[in-house]
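In: When you get a sec, could you give me coordinates for this:
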Amino acid sequence: MKENTYKRFCKTLQLEDDATLIEAYKQVHAPGAVWPEITQGMKEVGIMDMEIYIHDTRLFMIMDTVADFDHDKAMATLATKPRQAEWEAYVSQFQKTSETATADEKWQLMERIFKMNG
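Out: Predicted coordinates:
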């Protein structure tokens, strides 16, 4: 069996139930809209790619990381990266969370319960 060259994490977060805020949240995540310091910080801690999906007020994130990624350590380091706390405070207006919550406190890890080929 081929050894994985990356790790995948899936997370979820609840948005405020407000169509205007949800649309604004989508806009701040449109191509090129996320602050460059945020994506740079993610790359620096080992996040290779990320996708966020939405259904009603529920967000679903897929995060692919380097193979030796230590989730807890990386999230703690990410919280110290330039503008990260500012970004989290900014996007908290759209989320059912507090303004001071870190990304790790907001986004809840999901448990995989099914894999077709595995």
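
In: Nearest residue to A89 in space, please, no chain neighbours.
Out: Nearest residue to A89 in three dimensions, chain neighbours excluded: E99, at 4.9 Å (Cβ to Cβ, 6 or more residues apart in numbering). From N, CA and C alone the C-beta is placed, and that goes for glycine too.

In: Tell me the pLDDT of that neighbour.
Out: What the model reports for E99 is a pLDDT of 89.

In: And it, how close does it get to V91?
Out: Computed as Cβ to Cβ, to the nearest Å, the E99 to V91 distance reads 10 Å.

In: of these two, who's got more company?
Out: Between E99 and V91, V91 has the larger neighbour count (other Cβ atoms under 10 Å), namely 21 against 12.

In: In contact with that one, which residues?
Out: Applying Cβ atoms under 8 Å, 6 or more residues apart in numbering, we find V91 in contact with 25, 28.
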